[in-house]
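Colleague: Please find the sequence and the predicted model below.
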Amino acid sequence: MSEFLLNNILWFKAFHVIFMVAWFAGIFYLPRLFVNHAETQSSEVAEHLKGMEKRLLYFVTPFAILTVILGSTLIFAYGWSWFVAAKWLHIKLALVILVLIYHGYCFKLVKAFQQNKNTRSGKFYRFFNELPVIVLFAIIILAYVKPV
């Protein structure tokens with residue numbers, strides 16, 4: 001591990017967690033906007049929600065990118081042999097990839113709402129809203145408890 005990475009690893013960890021929290025805050029709130037949008041009968045409210053959805057998604061996307069960059073930096077700092085031995089991390093990375101896919105799918109959903117082409121119900125979005133919560137629980141348990 002380079003001296004710079006070694007001397008600053010706790011800073012990298014702290015900012016990794018900070019950006020992850022900011023990212024997930026948006027990922028938790030965006031589907032709630034989708035619920036409201038899917039259930040509204042008001043075109044005025046729908047137009048307002050379109051703006052909120054798009055701004056929120058574009059606001060949290062850099063946090064997702066920074067979370068991944070800092071997480072990758074930490075993996076690099078700890079080294080290849082640590083990475084190979086850290087089985088919990090392999091599961092965590094698979095879950096992070098799922099969240100990134102979820103995040104990408106949110107772009108598709110925002111576009112569908114922007115074009116008035118949403119076909120899903122508020123009930124669907126309520127369920128959709130719970131998925132990242134469950135995944136986050138698993139990611140945090142893997143990262144802090146390291147049960148595997």
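Modeller: Received it, and whenever you're ready, just let me know what you need.
Colleague: So which residues of this structure form helices?
Modeller: Ranges of helices in the chain, per DSSP state H, are 3-39, 43-78, 80-85, 87-114, 122-145.
Colleague: Including mean neighbour count and mean pLDDT, could those helices go into CSV?
Modeller: (C-beta placed from N, C-alpha, C; glycine too.) Formatted as CSV, the helices of the chain follow (neighbours: other CB atoms under 10 Å; pLDDT from 0 to 100):
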stretch, mean neighbour count, mean pLDDT
helix 3-39, 16, 95
helix 43-78, 16, 97
helix 80-85, 11, 96
helix 87-114, 15, 98
helix 122-145, 15, 97
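Colleague: So for Phe124, what's the nearest residue that isn't a sequence neighbour?
Modeller: In space, and not counting its chain neighbours, Phe124 is closest to Ala38: 7.5 Å by CB to CB, 6 or more residues apart in numbering.
Colleague: What of Phe76?
Modeller: Nearest to Phe76 is Leu5, by CB to CB, 6+ apart, at 7.4 Å.
Colleague: who touches the one you found in this structure?
Modeller: 12, 73, 76-77 (CB atoms under 8 Å, 6 or more residues apart in numbering).
Colleague: And it, how close does it get to Ala85?
Modeller: 18 Å (CB to CB, to the nearest Å).
Colleague: thinking again about what came up before, the residue nearest to Phe124: what's it in contact with?
Modeller: Per CB under 8 Å, 6+ apart, neighbours of Ala38: 118, 120-122, 124-125.
Colleague: and what of Gly71?
Modeller: 16, 96.
Colleague: Repeat that for Phe59.
Modeller: By CB under 8 Å, 6+ apart, the neighbours of Phe59 are Gly26.
Colleague: That one and Val68, how far apart?
Modeller: Phe59 is 17 Å from Val68, by CB to CB.
Colleague: for Val110, same thing?
Modeller: From Val110 to Val68 the distance is 20 Å (CB to CB).
Colleague: and what of Ala25?
Modeller: Counting by CB to CB - Ala25 and Val68 are separated by 17 Å.
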